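# predicted model follows, preceded by the sequence.
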Amino acid sequence: MRTCSFTKYLSRSRSVSGSSDPTDNTLSGDINLLDNVVYFKGLNNHESITSNTIPVVRGSLQLSRNCMNPDVIPFIKTISIDLKGVETSIKNIPAACGYKSETSKKILVKQTYSWKVYAPISDTKEVYPFQFILSNELVESFKLNRVGSMFYYVEAAVDYFSCSSDGGCAITQFHPPIREIKAIRCPLDNSNLASETALVEGCWRSLLNYEVSLSKKLLTTSADDSFNVSVSLENLHPDVYPPPFRILGYKCWLIQRVTVPEGHTANRCLLESSSESFSELELELSLHNFRSQLTPCITTPTMTISHTLKISIILQELPNLINNTCKASNKIEVALNCPVILLDELSLLGCLPPPNYENPSCAESIVPSLDSDSISLSSEEEDQQISSDLDSLQLNFGKDQVLHNFLMYTTKEPPPLYTI
């Protein structure tokens, strides 16, 4: 499983009605995600709406009794598992001494998966599966200093009674560690944007023709991803000596522009530069070394992050009779700007075909098991295998609901959306 760092920006203070023992450690557990990365398909609104891939977060809550308190029996009342997407916005507000920052948080996504158990927990580990269905039109995860962030995470709350052998009971709420989900934007498998290239042609002061080509406009910060830039210059007066111009070099930049209601800021990353004369140039560039400074393209109602590849050719016009110049001019940069789409380094993994959940005989067709990490179902023994696993489950809710949770991974229809 890929891992991603969790930013501790959430307050963990919670209140529980009724008596509560803060030192109670009768119950222990954890939230296990099949994958802590979810992919949103589509690079624009049209692709996101027409995508036939549904982003799904699957996992389970595992609970067990703490052997340190064998005389205390936890009686589980309710279990609630939430998936939340929290947007943080930072605005600069005019103040007496300039500007001050104002931070606001807003929950954009909240889905809940809950059980009413009302049963004591068994001596073995109990596993409660869950899944959440998201939309491709949601904003992917990001964090940008002095601008804002978007985080998705899964949290759980277990309300239970701690009943000791002497008859005493206390209402307690248990919270396992929060698990962050990284949402990444990736192109559709047949996206036209993924294969787009760029070509710019022009003439400079009737002295030379230039041609600049970009191998692709879809860039990532992955170390395995690179792109090519080709520059070709043609002297329109090859018979004139000395030449009417001088090529001093070139520079290649990636410009990241952040646009907010208060204005915009731009950061530049120098990818390549040279001070040598040339007529043909071939560059193979990568953004891997700049991934800590770059943020993928983001579009929200309050903010836009866009990127432009800028190629500057540094020229100098010399004294000549062609343009009636008597002295050399200062350095001139012929700047060519090409909008590009920058994605996360894991975006390429989102383009890989997913496991085939429709065909249980497929070797990659795996469904989450409630008593182990995973089980594989063969087409010959599908019914017997599901029935056997259901009989062995130590769960406190009905068998029909468990069967539904198993079968929703093996049918063509997407599983239903639970309580929001």
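Received, thanks.

# what count of nearby residues applies to residue 90?
Residue 90: 16 surrounding residues under other Cβ atoms under 10 Å. The way it works is simple: take the backbone N, C-alpha and C, and place the C-beta from them, glycine included.

# now for it: which residues touch it?
Applying Cβ atoms under 8 Å, 6 or more residues apart in numbering to residue 90 gives the contacts 101, 102, 103, 146, 147, 148.

# got it, and residue 41?
47, 48, 51, 53, 55, 136, 186, 187, 188, 350.

# and which of those is nearest to residue 261?
residue 48 (23.8 Å; Cβ to Cβ).

# for the closest one, what are phi and psi?
phi -70, psi -40 (degrees, to the nearest 10).

# per-residue confidence for the closest residue to it other than its chain neighbours?
Counting by Cβ to Cβ, 6 or more residues apart in numbering, residue 42 is the residue found nearest to residue 48 once chain neighbours are left out, at 3.3 Å. pLDDT recorded at residue 42 is 86.

# how close does residue 42 sit to residue 350?
Going from residue 42 to residue 350 by Cβ to Cβ, to the nearest Å gives 11 Å.

# and the residue lying closest to residue 323 once chain neighbours are set aside, what does it touch?
Leaving aside its sequence neighbours, residue 323 sits nearest to residue 205 (Cβ to Cβ, 6+ apart; 6.3 Å). Applying Cβ under 8 Å, 6+ apart, we find residue 205 in contact with 245, 317, 323.

# can you redo the residues you listed as TSV with pLDDT, secondary structure and distance to residue 125?
Formatted as TSV, the contacts of residue 205 follow (pLDDT from 0 to 100; DSSP: H, G, I helix; E, B strand; the rest coil; distance: Cβ to Cβ, whole Å):
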residue	pLDDT	secondary structure	distance to residue 125
245	87	strand	76
317	85	strand	78
323	71	coil	83
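
# out of the residues you listed, flag the one nearest to residue 290.
residue 245 (32.3 Å).

# surely that closest one and residue 207 touch.
Yes: taking Cβ atoms under 8 Å as the definition, residue 245 is a contact partner of residue 207 at 5.1 Å.

# now for the helix or strand encompassing residue 200, which elements pack on it?
Per DSSP states H and E: residue 200 is located in strand 198-204. For strand 198-204, the packing partners by 3 or more Cβ pairs under 8 Å, 6 or more residues apart in numbering; DSSP states H and E come out as strand 208-214, strand 332-343.

# nearest to residue 59, of these?
Of all those, it is strand 332-343 that lies closest to residue 59, at 25.1 Å by Cβ to Cβ.

# got the CA coordinates for that closest one in CSV?
This file holds the C-alpha atoms of strand 332-343, laid out as CSV (Å, rounded to 0.1, in the frame of the first residue of the first chain):
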residue,chain,number,x,y,z
ILE,A,332,16.4,40.5,-26.7
GLU,A,333,14.5,37.5,-25.4
VAL,A,334,12.0,35.9,-27.8
ALA,A,335,9.6,34.3,-25.2
LEU,A,336,7.3,31.5,-26.2
ASN,A,337,4.6,30.5,-23.7
CYS,A,338,2.8,27.2,-23.8
PRO,A,339,0.0,26.2,-21.3
VAL,A,340,0.6,22.8,-19.8
ILE,A,341,-1.2,20.5,-17.4
LEU,A,342,0.7,19.4,-14.4
LEU,A,343,-0.4,16.3,-12.4
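
# what mean pLDDT does it get?
In this model, strand 332-343 carries a mean pLDDT of 88.

# could you do stretch 295-304 as well?
Averaging pLDDT along stretch 295-304 yields 86.

# how about it: buried residues?
Neighbour counts over stretch 295-304 (16 or more other Cβ atoms under 10 Å) mark 295, 296, 297, 298, 300, 303 as buried.

# likewise for stretch 134-146?
134, 136, 138, 139, 140, 141, 142.

# mind listing which of these are in strands?
residue 142 (DSSP state E).

# now render the buried residues of stretch 134-146 as CSV, adding distance to residue 201 and pLDDT.
As requested, the buried residues of stretch 134-146 are exported to CSV (distance: Cβ to Cβ, whole Å; pLDDT from 0 to 100):
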residue, distance to residue 201, pLDDT
134, 43, 93
136, 37, 90
138, 40, 92
139, 37, 91
140, 35, 92
141, 39, 93
142, 36, 90
